[in-house]
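>>> Structure, please.
(chains A, B and C)
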Amino acid sequence: MSSFIRNAWYIVAWADEVTSAPLARRICNEPVVVFRDTAGKAAALSDRCCHRGTPLSLGEVVAAGIQCGYHGQVFDAAGRCVHIPGQERIPEKARVPSYPIVEKDALLWIWVGEAEKADPSLIIDLPQHNDPQRWPHRHNVYHIGGSYLLMIDNLMDLTHLGYIHRKTIGGNPSAHVGAKMETVRTDRGLKFTRWMLDSVPPPTYVNVYGFTGRVDRWQEFEFIAPGSVKQWTGALDAGTGAYEGKRDGGFQFHVFHGLSPETEKSCHYFWSTATGFRQNEPEVGERFFIESGATFLEDKVFVEQQQARLDEFGEDWLVDVQSDAARVHMRRVIERMRNPGAATLAAE
Amino acid sequence: MSSFIRNAWYIVAWADEVTSAPLARRICNEPVVVFRDTAGKAAALSDRCCHRGTPLSLGEVVAAGIQCGYHGQVFDAAGRCVHIPGQERIPEKARVPSYPIVEKDALLWIWVGEAEKADPSLIIDLPQHNDPQRWPHRHNVYHIGGSYLLMIDNLMDLTHLGYIHRKTIGGNPSAHVGAKMETVRTDRGLKFTRWMLDSVPPPTYVNVYGFTGRVDRWQEFEFIAPGSVKQWTGALDAGTGAYEGKRDGGFQFHVFHGLSPETEKSCHYFWSTATGFRQNEPEVGERFFIESGATFLEDKVFVEQQQARLDEFGEDWLVDVQSDAARVHMRRVIERMRNPGAATLAAE
Amino acid sequence: MSSFIRNAWYIVAWADEVTSAPLARRICNEPVVVFRDTAGKAAALSDRCCHRGTPLSLGEVVAAGIQCGYHGQVFDAAGRCVHIPGQERIPEKARVPSYPIVEKDALLWIWVGEAEKADPSLIIDLPQHNDPQRWPHRHNVYHIGGSYLLMIDNLMDLTHLGYIHRKTIGGNPSAHVGAKMETVRTDRGLKFTRWMLDSVPPPTYVNVYGFTGRVDRWQEFEFIAPGSVKQWTGALDAGTGAYEGKRDGGFQFHVFHGLSPETEKSCHYFWSTATGFRQNEPEVGERFFIESGATFLEDKVFVEQQQARLDEFGEDWLVDVQSDAARVHMRRVIERMRNPGAATLAAE
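Below you'll find the predicted structure:
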């Protein structure tokens, strides 16, 4: 029995990962080939030719669709076989599963569940991927040897910053632990904001922005089920009104975290950074991107070792603490999506 | 339940692979040690000492047989223990399974089934391995992470040449697909001949023979169950009578493909090339051998990825096409060998 | 059903392996983190934080115990959680299993069974680890991909020296096979002495001691269940009274072999060499240590391949021989410890 939430949009790739060459990627344990037709429109099929089972991703894009590299059968974007070398008649059953796919805000999203429920309006907006002047962005994808839920867990309890990331973005643990936290529940998840008022800025912030004194620092995290976390973070010199609402200008950035299950115990981590300061200096955005990537690799180490322990010992013996509040709510949202009563949630 | 056809001869090694040092190789999921006694005669035993289970292949050949490298027990070619260090009496049950083994035409063949049915006359002839003047040959063995049946499938549907091997021996896909094909069934398999009359020679042929124009090209493939495929291929200048029977001289070669199951999902691929042209120029045979090897590695990639998909999805969803005709017949022959009613086939 | 003997002391590490950084090691399939508190006292906990399951070995030692590297919880040497960042009250159930641990004679021993039975007086003495003048020692640990019992098997049947170690410590096989052997049973195992009187010394002995003629050579091996083998080996010029009891001086050494199960099919091999000759020449002890290590790697190869065969074929088909006598008795001692009637043995 799979525990995947199938009726949902998942990121399968960054739009720029898919060019004329097919891309193979597994989502919810389904092997998928993503390709662009000769007009550039993306398509997603099950990555297995219905003739002899070979991955279509070993083939190539032709005018009519994707051609299997073994014996030359061609499939269109809907998965219909449209060419069999040496044969006029094409059997009706010669087809492979296809998946609804949507390109939006630099990402390709697919739906591996019931196709008739695939409503593109459910796909979240990520305007910072389309606003190079105000929010120049950079992106990447990491493979994680742990469940996508462990990665979202990680983002829902930021007390980890002071420990895992002590040497990078974390800074002083007690500043994080003592952060003032405001949480609101949303239709598809939750949003929380943490304020570290009058605090010492972490090394990364000082490096890229040049703070010389204490800061008012905020972290706004929004979880949108099943796999997205939008982060808006920033800091201004302490006492200059950030908490009261003057958050324009100053040091701030968006980070997007998109988690797509690969298998029950592994996931793809699509992430981007978009800097809202010194936008005309590419080296600043690049540096922030590189340091963020190093930080997320620290999370990868912990999540992968955590997954191994949970595989071995289950989860019944774990003891929640106060800082798990957002994480626990996130898990409840996921559970509601998994069982029938919550099936409507995805379409809310 | 094993699906191996055990009452059959399988190649365990090229004769020149087995020298004074023992060789370990798994056939039909049985670990086998192959060695030559001090007179040079080959023997094959189960590769596990009956004393403490250590592989005998870690030991060495002595006058009386093969000596275990752990505590020194010696086994003769029939698997009987003939020496136990420090002990006079040898228990009757101190023995390891032995396998009938025959050396013929540069190959070592073993029989892992019922020994009394191991009739050496069932072993196929490969005269090109013993005819260095007319058919100088070279050989190799590849490990393939896929069933031996997928490798034979590959050889039974040559439309793949135009796709997998497009850049090497394949040439123009439509020439292959449109090939004139004549098939005959045989006692132990089938034979088909494909004719590509008045066609453009593939790059490999031009490289080694120097064709300047179009050719009449043939491919004769004979499958002999369970694991052998004899290939005789050639080309002459178009219109010079090849189809009518004048196939002497010109460009031609034999390729032998011997597939031995290692496990249900892996096999050993023993192959040789024997060139019937420019026989006095070793560099020509060498070049053809090397290019053939590169070509077969292209097949390896596809078969291994195909095996992974079939492991995951089974085969019920696959759709046969016209070019599968020889492949489907091959599979029927295999099925007849597997079930009792067909058990006589191997002895026909 | 586990076949581990849990009510027993096992070596978890050499004392000098555990410094201020935590060490992760699996014993009887339990993941253990070993660390020293700020006063240097060793502690051993189950290597999984009760908050979210992360290995504690990714964390660091703090004044109050070991701090999880993920969200900062701290556990003391008894496994009690003593600090949860951002939270005053610590739930009673916030604890991780702890293991009795004892540091003795350069080794750290833990007890993974019922803690109330963990009697430190059961831990064997290894005085040569504390006697640098008379017995300068060196030590190491190897990971072995085979059961700890196969490693003890190896030590209980020294006829293997003439085969596996023919080129190193073994020397002439027939000298080993014909050795005069005296065995006595002990409360917790057995002790045997093998005498090779008037024999050719093996290459290693000649290398490090400079024998010029034949020797009287002895090997005294004592097995103490479940995982220890004490070896006392030496040689004197033939006919100078070694057998009669004059074993002082001359060429001799202690080797300690400590085997701790990691999983059912793998173990940790803690070993030391202590030389009782040329004690003031460190290069002599170093050379003997290095050659011993090379020898034990020869055993590793055989045991790992043996494990693979036993996994595949079981053990019912194996045939014991005379040289298995000590090995078979060792196995009986182990069986008595495993079943309830023998449970008292460990406490004898």
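>>> State whether A:His143 is indeed within a helix.
No. Counting by DSSP: H, G, I helix; E, B strand; the rest coil, A:His143 is not found in a helix; it is strand.
>>> so who does it touch?
Counting by Cβ atoms under 8 Å, 6 or more residues apart in numbering or on different chains, A:His143 makes contact with A:Glu262, A:Ser266, A:Cys267, A:His268, A:Tyr269. In short, each C-beta sits where N, CA and C put it, glycine included.
>>> 7 Å - rerun?
Each residue near A:His143 by Cβ atoms under 7 Å, 6 or more residues apart in numbering or on different chains is listed here: A:His268.
>>> Relative to B:Pro132, how far out is it?
Distance of A:His143 to B:Pro132, given as Cβ to Cβ, to the nearest Å: 52 Å.
>>> Could you do A:Ser260 as well?
Distance check for A:Ser260 against B:Pro132: by Cβ to Cβ, it reads 59 Å.
>>> distance of A:Thr240 from chain C?
Distance of A:Thr240 to chain C, given as Cβ to the nearest Cβ, to the nearest Å: 27 Å.
>>> Restrict the top strand by length along chain A to CA atoms and write it as CSV.
As assigned by DSSP state E, the longest strand anywhere in chain A is strand A:251-263. The C-alpha trace of strand A:251-263 is given here as CSV (Å, rounded to 0.1, in the frame of the first residue of the first chain):
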residue,chain,number,x,y,z
PHE,A,251,18.4,42.7,3.5
GLN,A,252,15.8,40.2,2.5
PHE,A,253,15.3,37.2,0.3
HIS,A,254,12.9,34.6,-0.8
VAL,A,255,13.8,30.9,-0.7
PHE,A,256,11.6,28.4,-2.3
HIS,A,257,11.7,24.8,-1.1
GLY,A,258,9.9,22.2,-3.3
LEU,A,259,9.9,18.6,-2.2
SER,A,260,8.8,15.9,-4.5
PRO,A,261,8.7,12.2,-3.3
GLU,A,262,10.9,10.0,-5.5
THR,A,263,10.2,6.8,-3.4
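>>> Please spell out which residues along it are buried.
Using 16 or more other Cβ atoms under 10 Å in any protein chain shown as the test for burial, strand A:251-263 gives A:Phe251, A:Gln252, A:Phe253, A:His254, A:Val255, A:Phe256, A:His257, A:Gly258, A:Leu259, A:Ser260, A:Pro261, A:Glu262.
>>> So is that strand next to chain B?
No. Between strand A:251-263 and chain B, judged by Cβ under 7 Å from any Cβ of the partner chain, nothing touches; the nearest distance is 11.5 Å.
>>> Name the residues of chain A found near chain B, please.
Selection of chain A residues close to chain B by Cβ under 7 Å from any Cβ yields A:48, A:50-55, A:58, A:69-72, A:84-87, A:91, A:93-94.
>>> cutoff 10 Å now
Chain A comes close to chain B at residues A:24, A:29-31, A:46-55, A:57-60, A:67-73, A:81, A:84-97, as judged by Cβ under 10 Å from any Cβ of the partner chain.
>>> Could you pick out which of those are located in helices?
Among the residues of chain A next to chain B, no member is found in helices (DSSP state H).
>>> Give me the angle between the helix or strand that A:Arg26 is a member of and strand A:251-263.
In this assignment (DSSP states H and E), A:Arg26 forms part of strand A:23-27. For strand A:23-27 against strand A:251-263, the angle by axes from the mean of the first three to the mean of the last three Cα atoms, to 10 degrees is 80 degrees.
>>> Check which helices and strands strand A:23-27 is in contact with.
Counting contacts by 3 or more Cβ pairs under 10 Å, 6 or more residues apart in numbering or on different chains; DSSP states H and E, strand A:23-27 is packed against strand A:9-14, strand A:30-36, strand A:42-46, strand A:107-111, strand A:251-263, strand A:266-275.
>>> I'd like those strands as a markdown table, with distance to C:Thr168 and mean pLDDT appended.
Listed next are the helices and strands packed on strand A:23-27 as a markdown table, based on distance: least, Cβ to Cβ, whole Å; pLDDT from 0 to 100:
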| stretch | distance to C:Thr168 | mean pLDDT |
| --- | --- | --- |
| strand A:9-14 | 56 | 98 |
| strand A:30-36 | 51 | 98 |
| strand A:42-46 | 57 | 98 |
| strand A:107-111 | 60 | 98 |
| strand A:251-263 | 46 | 96 |
| strand A:266-275 | 45 | 97 |
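>>> got these as TSV, with distance to B:Glu286 columns?
Listed next are those as TSV, based on distance: least, Cβ to Cβ, whole Å:
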stretch	distance to B:Glu286
strand A:9-14	44
strand A:30-36	39
strand A:42-46	43
strand A:107-111	48
strand A:251-263	45
strand A:266-275	45
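>>> now the ones you listed in JSON lines, with distance to chain C?
Compiled in JSON lines, the helices and strands packed on strand A:23-27 are given as follows (distance: least, Cβ to the nearest Cβ, whole Å):
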{"stretch": "strand A:9-14", "distance to chain C": "24"}
{"stretch": "strand A:30-36", "distance to chain C": "28"}
{"stretch": "strand A:42-46", "distance to chain C": "34"}
{"stretch": "strand A:107-111", "distance to chain C": "29"}
{"stretch": "strand A:251-263", "distance to chain C": "17"}
{"stretch": "strand A:266-275", "distance to chain C": "17"}
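>>> To A:Val184, which of those strands lies closest?
Among the helices and strands packed on strand A:23-27, the nearest to A:Val184 by Cβ to Cβ is strand A:251-263 (18.9 Å).
>>> just checking, A:Asn140 touches A:His257?
No. Here A:Asn140 does not reach A:His257: they are 11.4 Å apart, not a contact under Cβ atoms under 10 Å.
>>> So for the two, which residues contact both of them?
Both A:Asn140 and A:His257 are contacted by A:Tyr269, A:Phe270, A:Trp271, A:Ser272, A:Phe296, under the criterion Cβ atoms under 10 Å, 6 or more residues apart in numbering or on different chains.
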